[in-house]
Structures are given as structure tokens and as C-alpha cells.
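need a structure here:
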Amino acid sequence: MSARNSEVESNGQDRGVRLIRTLLQLAVVALAYWLAATVSLRLALVHGQVTPIWPPTGIALVAMLVFGRRVALSIFVAALAVNLPIGPSPLGAAFIAAGNTLAPLTAAALLQRVGFRIELDRLRDAGSIILLGALLAMTISATIGTSVLVLYGSVPADSFWSTWAVWWTGDAMGVLLVAPLLFSLLPSMPSPALTFRRASELAALLIGIGLVTFVLFQNRLRLEYLVFPLVMLAAWRFRLRGAAPAALIASGVAIWTAVQGAGPFGTETLIQKMITLQTFNVCIALTSLVLAALLEARKRTDEVTRLYVSANAASRTKSAFLNNAAHELLTPLTVLAGYLALLSGGSVGSAPEAWEAPLGILVAKTREMERIVDDLLTASQNEVIPSPPERQLIDFRTVVEEAVERVAPRADLLSAEVGVSLPDDPVPVEADPDKLGRVLDDLINNALTYTTRRPQLGIGLSTQSRKAIVRVEDNGVGISEDERERVFDRLYRVTDPEVVVPGIGLGLYISRQLVEGYGGSLVVERSSPGVGSVFALTLPVSHMGIDSA
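Residues are numbered from 1 along each chain as shown. Purely as a prediction, here's the structure:
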């Protein structure tokens with residue numbers, strides 16, 4: 001009872017810790033949203049609450065992708081707290097807060113639907129967050145918010161589209177400029193740690209981007225796009241970690257200049273300011289984000305290519321080694337087998353009676369070593385010098401029947417139950433009957449070996465969609481889900497302390513190679529540890545018929 005009570009108490013403590021952690025996450029998200037919104041409202045261009053960039057949207061999107069939809073309540077509460085003092089009415093503020101929550105919630109759902117990765121290491125991720133996260137989903141908050149302001153008379157009806165455009169681009173910029181920056185700061189990002197030298201270089205580059213952008217926007221020569229090479233340099237040198245803050249800094253300086261009415265914004269109307277400002281913001285956001293994703297994707301491609309080439313070289317080296325080792329072992333094994341045959345057969349004189357049992361063991365172990373060497377040669381030859389498999393038209397039923405006959409003596413010794421189900425009509429396939437029989441021998445013998453109880457086997461042959469399928473079902477130890485493919489790897493052995501089987505792990509590897517050489521497949525169709533497994537061998541049915549007589 002005391003152990004059970006302590007377990008219950010421990011589970012209660014774990015739930016309490018998880019609850020506290022969740023509440024803390026919700027509080028931090030709400031506070032971050034509220035603080036970012038408070039600062040952003042100082043840059044409002046329309047009605048004191050419509051800004052050219054709305055960072056809280058980026059915060060909300062990242063929070064929903066990282067923590068899940070449960071943070072939606074925090075976003076709504078924080079948005080309501082921001083809009084109540086400035087909204088047209090409490091009800092109107094609630095509708096605006098709902099739009100501010102629904103937009104990032106929709107963006108997160110769309111991005112998850114298309115398999116978005118927060119690492120932003122693929123071009124499709126950059127395209128997804130631009131098209132779905134920013135341009136499409138943010139129409140929700142812009143439409144709801146602008147409609148509320150128009151309905152309450154805070155904005156004239158004829159200013160609906162201009163207000164909507166400012167609201168929409170502000171939310172979109174919040175996604176394009178703030179979300180990538182937050183993604184780059186997540187501890188799960190694969191970026192290597194910055195050394196002091198690299199960190200100093202990044203800091204100097206960001207300061208330079210800020211100063212250059214400020215200088216360019218303090219005159220009316222329209223030279224602001226000259227800062228782009230520096231932003232591209234940040235993306236090239238530091239990927240997302242450099243591109244995201246560089247774009248945000250340049251955009252922040254541009255927005256501050258627009259609010260102050262300095263430089264090129266000094267003589268422009270609100271619409272002209274928005275066109276100038278948001279064109280710059282969109283271009284710099286897209287350039288930095290796409291370039292960072294492109295460079296990261298290229299880096300991943302180069303790394304995958306390098307690993308692939310390295311793996312191929314290692315595989316060829318291993319195959320050559322196996323081939324050489326097998327040939328070196330074959331000669332002494334042949335000599336050993338010959339002398340053992342002479343001793344056991346009495347060709348060199350009668351052996352003492354006490355030698356009979358040891359000689360029998362030596363002969364059996366020598367045959368076992370010969371099979372291992374043969375497997376090594378077969379495996380290495382399949383990869384080093386692959387040869388086209390020999391084919392002839394055969395009845396698959398005959399191969400299955402002969403395999404069952406070969407295993408019958410062993411099955412009788414183990415008191416195994418072997419059930420066989422074959423169709424009445426011939427099943428024509430094109431393969432080598434000896435090699436195909438070896439595959440079935442391996443599957444059936446594995447079924448008899450890998451078990452801790454009385455073996456029960458089911459061997460069935462059927463046809464489906466011009467394919468012949470042999471299923472070998474057993475009641476053995478089973479295979480865990482993460483090992484179902486690995487059992488077909490070369491030199492891989494399932495480690496089960498209850499079953500110790502001699503060999504080096506080439507049987508299933510060779511069997512799959514042989515079957516695939518005939519255009520078929522060999523897979524673990526299903527398996528449950530402690531219950532049993534079902535192996536499925538599939539071959540294409542030949543279009544040539546077999547005379548049933």
C-alpha cells in the first residue's frame with residue numbers, strides 16, 4: 001500500500017509541475033504579446049491602433065507553433081487588454097482581439113497542414129510562411145479589425161480599404177520580420193553556437209545595417225535599397241540567425257523614419273508613405289528570408305550528398321573486405337573439412353570410440369562455418385559484382401511444397417505445428433527455384449528458431465493483383481517496430497536474451513537481395529513482441545501460363 005501511495009503522490013506532483021509549467025508558459029506569452037503591442041502602438045499611423053508592423057502577430061504565431069493551440073486564450077486575453085483602452089467599445093475591442101487571435105491560429109493550422117519546419121531550412125518553408133502565414137491568414141485580422149472600426153464610426157467608410165491595407169500589411173510584416181527572428185532564437189534550432197569572434201562580427205554587421213539604413217532614409221534621394229547587400233551578407237554569413245535581425249533592424253529604422261516624417265516621407269501622404277514603407281519592408285523581408293532558406297537548403301543538400309558518398313565508399317570497402325575475408329577462410333575450411341571427413345569415415349584408420357562425439361561436433365561446426373563463408377561470399381558478390389539473376393518459369397506452389405518437406409524433420413523434432421495453404425491452380429513466377437527455395441528455407445527456419453514455446457507456423461500462398469504472395473506466420477518472440485526494417489540490414493542481429501542463434505546476420509539480407517532481383521519484395525508485414533511475426537514474400541505473377549497437367 002505504501003508503494004502505491006507513493007506512486008500516486010509522485011504522479012500528483014508530476015501533474016502539478018506540468019500545470020505550473022503550462023500556466024507559466026501562458027503568462028509569458030500573454031506578457032510578451034502585451035509588451036510588444038504597447039511598444040508597436042507608438043508607431044500607429046491610423047486611429048492610434050493600426051501600425052505598419054505588428055510584432056505581436058509574429059509572437060502569437062511562434063507561440064502557437066511551439067506550445068500548441070492552448071496559448072490561444074493567452075493571446076486573446078492579451079489582445080483584449082491592449083484594445084480595451086483604445087477600442088471603440090468593449091464589445092468592439094473583444095471582436096478585434098478575436099481577430100488578432102484567429103489570424104495566427106489559422107496561420108499555425110495552415111503551416112502545420114503543409115508540414116512547415118520551424119528551422120526554415122527549406123525553400124518550401126519560406127514559401128509557406130510567406131504565402132500562408134503572412135499573406136493569406138492575416139486577411140482575417142485585417143478584415144475583422146477594419147470592419148469594427150468602420151461600423152463604430154472610428155474610420156470613415158471610404159477609408160475602409162486604405163485602413164485594411166495598413167492593418168493587413170502590419171500583421172503580415174509582424175509574421176515575416178518577427179517570427180523568423182524568434183525561430184532563430186529557439187534552443188532547438190540546429191545552428192552552431194556563436195564563438196566570441198563570430199558574435200562580434202554579427203553584432204558589428206547589425207549595427208552597420210542600422211546606421212546605413214538610418215543615413216539612407218535621412219535624405220530624399222531614394223537610395224534606401226543600397227542597404228540590401230548588407231542584409232544579404234548577414235544572411236550569407238549567418239543564415240537565419242543573421243538574416244532575421246538584419247531585416248528587422250532595417251525595417252524598424254524605416255518605420256521610425258516614416259512615423260517622424262523625415263527623409264522621403266516628409267512630403268508624402270499616408271497612402272504614399274505606406275506604399276513606400278511597405279514596399280521596402282516586403283522586399284527586405286522576402287530577400288532575407290528566402291536567401292537564408294536557400295542557403296540552408298543548399299547546405300543540407302551538400303551535407304546529405306557528402307554523407308551519401310561517404311556511406312557508399314564505406315559500403316564498397318566493407319563489401320570488398322567481406323569478399324577477401326571469405327576467400328581467405330575458404331581454403332583452410334576446405335582442408336579442415338576434408339581431414340575431418342577422412343577421420344570420421346575411417347579412411348586413415350578407425351578412430352577411438354571416445355573420438356566419435358567430438359568428431360561429430362567438429363563436423364557440424366565446420367559445416368556451419370562453411371555456410372557462414374558462403375553467405376559472406378554471396379553478400380559481397382551481390383554488391384561488388386552484381387550479376388543478373390537466373391530465371392525460369394516455375395510453379396510457386398512446388399517451391400513452397402519442397403521447402404515444407406525439407407523442414408519437416410526439424411519441425412517433427414520440435415513438435416511444431418505447420419499449416420500450409422496453397423491454391424488449386426498453378427502460380428507461375430519467373431525465378432531460380434533453388435534460390436527461391438533458399439529464401440523460403442530461411443524464413444521457415446527463422447520461424448522455428450526465434451521462439452521460446454512450441455512453434456506454430458502458418459505458410460500460405462495466394463495471388464492478388466497479378467502478384468504471388470507467400471506469408472510465413474509464426475508465434476515467436478516478435479520484432480519491435482524500430483527493428484522491422486533493420487532485420488534486413490547486412491550483419492544485423494536481433495538481440496533477444498531469450499533466444500541465442502548462431503550466425504552473423506546475413507540470411508534475411510541475402511534473401512531480400514535475391515527476391516528484389518526477381519522484381520519482388522520481402523517485408524515484415526506485421527509483428528508484435530511476444531506474439532509473433534508475419535513475413536510476406538511477393539513476386540510478380542508471370543503472364544505465361546503453366547500446364548496444370
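
the helices in the stretch 351-500 of the chain, which residues?
Applying DSSP state H, counting those that start in this stretch to the stretch 351-500 of the chain gives helices spanning 356-384, 396-413, 433-449.

which of the ones you listed has the lowest mean pLDDT?
Lowest mean pLDDT within these: helix 356-384, at a mean of 64.

what's around the residue nearest to residue 447 when sequence neighbours are not counted, how many residues?
Distance criterion Cβ to Cβ, 6 or more residues apart in numbering; nearest residue to residue 447, sequence neighbours excluded, is residue 474 at 3.7 Å. (Each C-beta comes from the backbone N, C-alpha and C, glycine too.) Residues lying near residue 474 (other Cβ atoms under 10 Å) number 26.

lowest-confidence helix or strand of the protein?
Ranking every helix and strand in the chain by mean pLDDT, DSSP states H and E puts helix 356-384 at the bottom, with a mean of 64.

wait, doesn't residue 65 sit right on residue 111?
Yes: with contact defined as Cβ atoms under 8 Å, residue 65 counts as touching residue 111 (6.8 Å).

tell me how many other residues crowd residue 199.
Using other Cβ under 10 Å, the number of residues around residue 199 comes to 12.

what pLDDT does the nearest residue to residue 411 once chain neighbours are set aside get?
Excluding the flanking residues, the one nearest residue 411 by Cβ to Cβ, 6+ apart is residue 418, at 5.3 Å. Residue 418 is assigned 91 on the pLDDT scale.

and whatever helix or strand residue 278 lives in, what's its mean pLDDT?
Secondary-structure assignment from DSSP states H and E places residue 278 in helix 270-345. Helix 270-345 shows an average pLDDT of 72 in the prediction.

where's residue 403 relative to residue 507, distance?
With the distance defined as Cβ to Cβ, to the nearest Å, residue 403 ends up 14 Å from residue 507.

quick one: the helix or strand where residue 509 lies to helix 433-449, angle?
Taking DSSP H and E as the criterion, residue 509 maps to helix 507-517. With axes from the mean of the first three to the mean of the last three Cα atoms, to 10 degrees applied, the angle from helix 507-517 to helix 433-449 works out at 140 degrees.

next SSE after helix 507-517?
Next in sequence after helix 507-517, counting helices and strands by DSSP H and E, comes strand 521-528.

what lines up beside that following strand in the sheet?
Its sheet considered, strand 521-528 pairs with strand 532-540 (antiparallel) by DSSP bridges.

okay, now the residue nearest to residue 411: neighbour count?
Using other Cβ under 10 Å, residue 418 has 18 other residues around it.

so it bridges to which residues?
residue 457.

state the pLDDT value of residue 132.
We have a pLDDT of 92 for residue 132.

now name the helix or strand holding the closest residue to it other than its chain neighbours.
Nearest residue to residue 132, sequence neighbours excluded (Cβ to Cβ, 6+ apart): residue 110, at 4.2 Å. Element membership of residue 110, judged by DSSP H and E, is helix 90-113.

and the helix or strand that that helix is followed by, what does it pack against?
Next helix or strand after helix 90-113 toward the C-terminus (DSSP H and E): helix 123-128. Applying 3 or more Cβ pairs under 8 Å, 6 or more residues apart in numbering; DSSP states H and E, one finds that helix 123-128 contacts helix 270-345.
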